[in-house]
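S.K.: Need a 3D model of the following:
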Amino acid sequence: MTPDVSSLEKRVSRLRRLATKFKRAESAQNALLEISNIANEAGSMEDFYQGIHLHLKKLIPADNFYISLKNQDQLELPFFLDEKDAHPTELYPNSNLSDMLKRGLTGYVLRTQKPLLCDEATAERLAAEGEIENLGSPCHQWLGVPIIRNGLAIGALVVQSYKSEVSYGETEVELMVFICHHIAGVLERLRHHEQLEQAIQQRTQELSQAYDKLKQEVYERRRAERLQRSLFEIADLATSNLDMHDFYVELHQIISHLLPANNCYIALLDHTSTILEFPFYVSQLSSMPPAPRPLKDGLVEYLLRNCKPVLLAQKDIRHLIKKGEIYSKAPDLNHTQTMQQWIGVPLRIQGEVVGALAIYSFSMDQKYQFKDLELLTFVSQHIATAIERKLATETLKRSNEELEDMVQERTAELAQTNHELQKEISQRRTIEQKLIHDAKHDSLTGLPNRQMFMERLTETFESRHFYKFALLFIDLDRFKMINDTLGHLEGDHFLIETAKRLNTCIRDQDLLARLGGDEFVILLDNLYNTGDAKEVAERILYELSRPFELSGQLFNSGASIGISLCEDPRQTSSETLLRDADTAMYMAKTRGKGCYVVFDEKSHQQMMHDLTLENELRQAFESHQLQLQYVPVQDLNSNKLVALDAKPYWQHPQHGVLNYRQLTQLAEQANLQLELDRYVIELLNDEFASLPLEQDAFVHICLSSQHLTYKHALRNLQNCLGSCRFALDRLCIFFNEISLARDHDNHAIGFETLKELGVSLGIADYGSGYSSILTLSFLPISCLKLEAELANGIQGARHRRLLAAIRRSAESLQLQLIADGVNSAEQQQTLQQLGIYKVQCAAETLLPHAQSSSICA
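M.R.: Got it, this is the predicted structure:
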């Protein structure tokens, strides 16, 4: 061969190699472009991995191919294809994937950060040297190339061959290195994008959950606002000028804003509680309301018998019919066949069920739930109150209209008879004189009032310089009891009769006046000596001691009289004289009532004595001179001890025993009620463990309402109770009813605070104030203790009716009722007949001597 031909062949061979290399480079470049396009178009990392594999197969044999990537310090296999082996997690289910990869050839490549073309012999050598562990099936060749990013291996591309005819060489290595070099950035970018998408998805989910929660809160708040607005609208309806029909229509509209009420009616009992009336009725099936009917055995009667709200489905109604509880006696009332659900809520007025509010549905699409029942039950309380007020308003309106008609008739009559101007002028003068008279006289008794009395007393001081005169300050006994037991009307009759009797005891020149309430005052003019005033006082005491006839029965009263004398008007004043008479009257009351006291130096000394006694009481607290007596509270049926009422008493060194009532009066005068109560609690804390209490028995204590009036006093009471060593659930704390009636709001707040400590709460002297049953129903109390005066008058028919009414009210509120001041077997027997079985004797009758036990037998 000539040199020219040989040289030419070499050049042709070289050109062929260059052409082959160029074609391979061009294929690699096209593959990289396509991989880059895949990175831009791939919807997920899985699509990108499949695209890499698809285009890699165009360059080299890649039927067995996987990608391993680092995620922090862990290795993952996001893409895996193999002809022989299953995925490593299936092949080695009990091994950690990352640890397996790190121990194998993949981990070796990542550690060395260099490509590795390995055959079976090389793999065995590396395993023998401890560099790797042989995992999976043996292969003919294994080629792994690291993916380098910023000088660190972030993963690897791996291909392997199980057939000897499929081999890899330097060309495949270079091609794999070239591809890994170019996809490192793309891969990192896509992984970051995927992580960002996942973070966005997670944040979106969190925001969606927060939105749902916020939407629920908004719904609940709007629901609460809608309920509050409905309650205000119901309250406004009660005072509106609408007639009864429009009133019920508006009421139905308010209910419809809260829950579906296309079918609704209100049923009310008449004044005899035997006839059921339907003042409001709306139905999708009928426009005619039911006519009034006697009580039978319909759904409304079922609700009235059970006195509790119910939600009945059709199957529940059929079950009640099958049991014979409804429509057995009056099947003609049964129109419930097409009903799907029925909600009935009793309407209570002053604690008594007087009717029902019902809504019902005919469609399966309209389903009521128990929260609807609870909502309607809550609203029904306000609806019942609104109906009660509206009915009362309508009654008052009719009365006013009737009165207005009568006034108009009377005016017409006067217009006909009063034609002459002189008569009209005379009538006006009479009215003017009456107004002047009324301004200075008591409207009930016709006696001079305080204003007129003080004017007359001032005139007496100005015009008398040489004559004696006196003031008698009269306070009636048991007047409050008359008002509380017989009513204010009989109390007024009592005051009128008292005024008549007082007038018979004085002279014409003397002045009798009523200052207010049960307080009267007499100005005795031109006296010769003190004996004249005493004589008048004795006549008054005699006249007032005679029985009064009230409500068809005899009632005994009395009076306490204070007398102040004026011998020289120039040395005193009208205000001082009245104050001295008031002070003397107070002294008379402290001496047991039914007597009179003349104000003198002794009265002043008595006041000083009281002041001294108050100071000694403060010292008695510090020296622990007070003791507790425990008055038993017994169950008359079982003769079981229910509780012990802890009452303090004071064995005074000079004055003897001061009982509970005297001690509390003294503490009240000295403003030491809080100190006395804390002393009692601390002493009870020391003695509680030694008390003869059964397991379910309580200890009662009565505390001053001053604890509930001021926040710091309530906190101090909480701290005092919290330091007790005995279980507070064995303690029942009582507060006076009169104080509750005067300051209901502070009592309600204080009761809730004390209830959290675990103590039981009760109302003492019940019947002495004006607490309504509705007021008691909102307080967390468990016991009522009757005023002792109620037990003293138990033999009277009105007293027994009053006690029976109180007993029924207490039972309806599930309150324990205790009769206080029971001293005789006759009283106990009468109380049992009235259904009152828990009694407490009067503490004063059981007061022990200083030497005796403090536990009453």
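
S.K.: Now do the contacts for the one residue sitting closest to the centre of the chain.
M.R.: Residue closest to the average C-alpha location in the chain (Cα atoms, centre = their mean): residue 752, at 8.2 Å. Contact analysis of residue 752 by Cβ atoms under 8 Å, 6 or more residues apart in numbering lists residue 780. All C-beta atoms are positioned from the backbone trio N, CA, C, and that covers glycine.

S.K.: That one is in what secondary structure piece?
M.R.: Secondary structure from DSSP states H and E places residue 752 in helix 744-755.

S.K.: helix/strand/coil for residue 791?
M.R.: Of the three states, residue 791 takes helix according to DSSP: H, G, I helix; E, B strand; the rest coil.

S.K.: Break the protein into its domains for me.
M.R.: The record's domain split for the chain, according to automatic domain parsing, is 22-199, 239-395, 433-599, 620-846.

S.K.: Just send the ones you listed back as TSV, with mean pLDDT too.
M.R.: Shown next, in TSV, are the domains of the chain (pLDDT from 0 to 100):
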stretch	mean pLDDT
domain 22-199	83
domain 239-395	85
domain 433-599	85
domain 620-846	88
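
S.K.: So for residue 218, which of those domains sits nearest?
M.R.: Ranking the domains of the chain by proximity to residue 218 (Cβ to Cβ) places domain 239-395 first, at 17.3 Å.

S.K.: And that closest one, how far out from the chain middle?
M.R.: Distance, stretch centre to chain centre, for domain 239-395: 27 Å (Cα atoms, centre = their mean, to the nearest Å).

S.K.: Stretch 782-800 too?
M.R.: 32 Å.

S.K.: Counting residues, name the longest helix you see in this structure.
M.R.: In the chain, taking DSSP state H as the definition, the longest helix is helix 170-238.

S.K.: what's it packed up against?
M.R.: Judged by 3 or more Cβ pairs under 8 Å, 6 or more residues apart in numbering; DSSP states H and E, the packing partners of helix 170-238 are helix 3-41, helix 45-57, strand 141-149, strand 152-161, helix 244-258, helix 370-417.

S.K.: With distance to residue 302 and mean neighbour count added, can I get the ones you listed in a markdown table?
M.R.: Formatted as a markdown table, those follow (distance: least, Cβ to Cβ, whole Å; neighbours: other Cβ atoms under 10 Å):
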| stretch | distance to residue 302 | mean neighbour count |
| --- | --- | --- |
| helix 3-41 | 72 | 12 |
| helix 45-57 | 66 | 18 |
| strand 141-149 | 80 | 23 |
| strand 152-161 | 77 | 22 |
| helix 244-258 | 21 | 17 |
| helix 370-417 | 15 | 14 |
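
S.K.: and residue 310, which of the ones you listed is closest to it?
M.R.: With Cβ to Cβ as the criterion, residue 310 lies closest to helix 370-417 of the helices and strands packed on helix 170-238, at 7.8 Å.

S.K.: helix or strand right after the helix holding residue 752?
M.R.: Next along the chain after helix 744-755, taking DSSP H and E as the criterion, comes strand 760-766.

S.K.: Tell me the buried residues in whichever strand or helix holds residue 312?
M.R.: Assessed by DSSP H and E, residue 312 sits inside strand 310-313. Under the neighbour-count criterion of 16 or more other Cβ atoms under 10 Å, strand 310-313 has 310-312 buried.

S.K.: that older thread, what distance separates the helix holding residue 752 from the centre of its chain?
M.R.: Distance of helix 744-755 from its chain centroid, counting by Cα atoms, centre = their mean, is 11 Å.

S.K.: quick check: angle from that helix to strand 760-766?
M.R.: Using axes from the mean of the first three to the mean of the last three Cα atoms, to 10 degrees, the inter-axis angle of helix 744-755 relative to strand 760-766 is 140 degrees.

S.K.: show me the contacts for the residue nearest to residue 103 when sequence neighbours are not counted.
M.R.: Nearest residue to residue 103, sequence neighbours excluded (Cβ to Cβ, 6 or more residues apart in numbering): residue 133, at 4.4 Å. Neighbouring residues of residue 133 by Cβ under 8 Å, 6+ apart: 103-104, 127.

S.K.: Scan the chain for its longest strand.
M.R.: Using DSSP state E, we find that the single longest strand of the chain is strand 640-652.

S.K.: so is the residue nearest to residue 56 when sequence neighbours are not counted in a helix, a strand, or just coil?
M.R.: Leaving aside its sequence neighbours, residue 56 sits nearest to residue 62 (Cβ to Cβ, 6+ apart; 4.7 Å). At residue 62 the chain is in coil, as set by three-state DSSP.

S.K.: so residue 620 makes contact with residue 650?
M.R.: Yes. Assessed by Cβ atoms under 8 Å, residue 620 is found in contact with residue 650 at 6.2 Å.

S.K.: Mind listing the shared neighbours of the two?
M.R.: Common neighbours of residue 620 and residue 650 are listed as residue 626 (criterion: Cβ under 8 Å, 6+ apart).

S.K.: re the thing from before, could you report the distance from the residue nearest to residue 103 to residue 373?
M.R.: As judged by Cβ to Cβ, to the nearest Å, residue 133 and residue 373 stand 69 Å apart.

S.K.: next one: residue 182
M.R.: Distance from residue 182 to residue 373, by Cβ to Cβ: 71 Å.

S.K.: residues near residue 181, how many?
M.R.: Using other Cβ atoms under 10 Å, residue 181 is surrounded by 14 other residues.

S.K.: Chain neighbours aside, what residue packs nearest to it?
M.R.: Once flanking residues are discounted, residue 181 sits nearest to residue 148: 7.1 Å by Cβ to Cβ, 6+ apart.

S.K.: now the one you found: how far from residue 52?
M.R.: From residue 148 to residue 52 the distance is 16 Å (Cβ to Cβ).

S.K.: next one: residue 744
M.R.: With distances taken as Cβ to Cβ, residue 744 is found 82 Å from residue 52.

S.K.: Same question for residue 96.
M.R.: Counting by Cβ to Cβ - residue 96 and residue 52 are separated by 26 Å.

S.K.: again, but for residue 316
M.R.: Residue 316 is 67 Å from residue 52, by Cβ to Cβ.

S.K.: now residue 826
M.R.: 108 Å.

S.K.: Same check on residue 300?
M.R.: On the measure of Cβ to Cβ, residue 300 and residue 52 end up 79 Å apart.
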